[in-house]
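*Asks:* here is a sequence together with a model predicted from it:
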Amino acid sequence: MFSIRELDNEQRRQTIDLRQIFEAWEDKRRLAETRFAGSMRWVRRGDGWYLLRKRGRAETSLGPRSAETERTHARFVEGRERIADDLKALEARLARLAPVAAAMGLGRVPKLTARLLRRLADAGLLGTRLHIVGTNALFAYEAAAGVQFDSGLLATGDADLMLDARRRLRLVVEALRVEGVLGVLRRVDKSFAPRGPRDFRAVNRDGFRVDLIRAETRRESVARPRDRIGESDEDLQGAPLPGLSWLVGSPKFQAVALDEAGFPVRLHTIDPRAFALHKAWIAGLPGRDPLKRGRDLDQAAAVASVAADRLGLDFAAADLPAALRAAAPRLLAAGSRPADPE
């Protein structure tokens with residue numbers, strides 16, 4: 001069985017305040033990385049001065065020195081300084097509120113997991129080629145619903161990342177293009193290492209695991225999709241799992257949760273309806289570990305309850321794959337095994 005606890009009014013207020021500050025910080029950071037990215041400088045060429053804009057390795061001329069280019073340069077410098085000041089102020093507010101949130105029991109996402117997810121997001125991987133699946137997805141669902149699942153549903157010593165092999169991603173950062181997911185993990189903890197060549201799992205010195213999984217294709221033995229992000233043979237190689245194509249094709253979901261220290265982290269995962277139905281299907285597979293089967297069903301029932309009753313999501317919605325829509329009544333009514341998504 002499982003239990004779901006509602007946040008009290010003070011916990012809700014604290015959560016909302018932190019989320020709003022974090023979203024403002026995200027907006028400012030996005031501006032800093034787009035409109036105010038790079039630098040501008042004046043360069044003498046021939047008999048005149050020209051304004052150059054540099055982004056990455058590319059540098060382009062914005063024209064000769066004039067009243068207009070002077071204004072362009074001034075707006076850029078002033079705007080960049082203003083954004084930097086705004087970011088510092090928002091970060092200071094987060095730093096003041098986070099310990100309070102943690103003391104109120106609102107910090108949920110394990111610190112290491114949160115650090116890994118932030119790094120993957122900074123690298124442009126999370127929410128594009130990678131999505132959180134497995135137990136850590138529950139942190140997104142409870143955060144969005146303003147509830148907390150009991151600890152028995154949340155205990156985990158790993159992080160599962162689903163690779164969307166249908167999409168190609170152009171990586172402009174050389175180190176990321178070569179090292180891929182493993183390189184990002186090692187920026188957080190240098191002890192992360194795969195168990196062997198072309199493995200799907202990286203483990204750190206404390207035994208924390210990160211698994212890279214992907215959907216199994218119909219012609220797996222003939223032609224596999226691109227199953228890793230980096231070019232290095234050492235990078236994690238996505239392990240094909242039956243039934244995962246169900247999740248790859250389902251709607252995606254994101255929410256801002258709080259880590260154990262009370263700091264916000266944006267989680268990119270799968271639709272909670274898809275999670276619930278897939279978990280129930282896994283529980284009914286022949287050979288499923290009996291110790292895991294009960295937890296699978298509890299997680300499925302808990303997430304289905306939150307999705308339908310608190311998030312108001314329709315299990316008959318047309319944006320869900322047909323297999324999900326067909327299986328939903330049985331899960332919602334009795335928690336029985338849904339039909340095979342394949």
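*Replies:* Now that the structure is in, tell me what you want to look at. No experiment lies behind these values; they were computed from the predicted model shown.
*Asks:* give the buried residues for stretch 61-77.
*Replies:* 69, 72-73, 76 (16 or more other CB atoms under 10 Å). (Glycine included, C-beta is placed from N, CA and C.)
*Asks:* typed the wrong thing, it's stretch 108-127
*Replies:* Under 16+ other CB under 10 Å, the buried positions of stretch 108-127 are 108-110, 112-121, 123-127.
*Asks:* and it, average pLDDT?
*Replies:* Regarding stretch 108-127, the rounded mean pLDDT is 95.
*Asks:* stretch 260-268 now?
*Replies:* In this model, stretch 260-268 has an average pLDDT of 98.
*Asks:* and stretch 178-198, how far out from the chain middle?
*Replies:* 18 Å (CA atoms, centre = their mean, to the nearest Å).
*Asks:* with stretch 77-87 instead?
*Replies:* 27 Å.
*Asks:* the closest residue to residue 134 other than its chain neighbours: what's it in contact with?
*Replies:* Of all residues not flanking residue 134 in the chain, residue 160 sits nearest, at 3.5 Å (CB to CB, 6 or more residues apart in numbering). The neighbourhood of residue 160, defined by CB atoms under 8 Å, 6 or more residues apart in numbering, consists of 132-136, 211, 213.
*Asks:* 10 Å instead?
*Replies:* Taking CB atoms under 10 Å, 6 or more residues apart in numbering, we find residue 160 in contact with 131-137, 201, 209-213, 241.
*Asks:* most widely separated two among the residues you listed?
*Replies:* Spatially, the most separated pair among these is 137 and 201, at 18.4 Å (CB to CB).
*Asks:* between these two, which one's more packed in?
*Replies:* residue 137 (26 against 18; other CB atoms under 10 Å).
*Asks:* wait, that one sits on residue 250?
*Replies:* No - counting by CB atoms under 10 Å, residue 137 stays clear of residue 250, with 11.9 Å between them.
*Asks:* shared neighbours of those two, anything?
*Replies:* Counting by CB under 10 Å, 6+ apart, the shared contacts of residue 137 and residue 250 are 131, 270-271, 274-275.
*Asks:* just to revisit the earlier point, can I get the contacts of residue 160 in a markdown table including distance to residue 8?
*Replies:* Output for the contacts of residue 160, formatted as a markdown table (distance: CB to CB, whole Å):
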| residue | distance to residue 8 |
| --- | --- |
| 131 | 31 |
| 132 | 27 |
| 133 | 30 |
| 134 | 29 |
| 135 | 25 |
| 136 | 25 |
| 137 | 25 |
| 201 | 39 |
| 209 | 35 |
| 210 | 34 |
| 211 | 36 |
| 212 | 38 |
| 213 | 37 |
| 241 | 39 |
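*Asks:* which one of these is nearest residue 188?
*Replies:* For the contacts of residue 160, the nearest to residue 188 is residue 210 (10.0 Å; CB to CB).
*Asks:* buried sites along the helix or strand harbouring that closest one?
*Replies:* Using DSSP states H and E, residue 210 sits within strand 209-215. Buried residues in strand 209-215, counted by 16+ other CB under 10 Å: 210-215.
*Asks:* so which of the residues you listed is the closest to residue 265?
*Replies:* Among these, and counting by CB to CB, the member closest to residue 265 is residue 210, at 15.8 Å.
*Asks:* quick check, pLDDT for that closest one.
*Replies:* 96.
*Asks:* beta partners of it?
*Replies:* Assessed by DSSP bridges, residue 210 has beta-bridge partners residue 159, residue 202.
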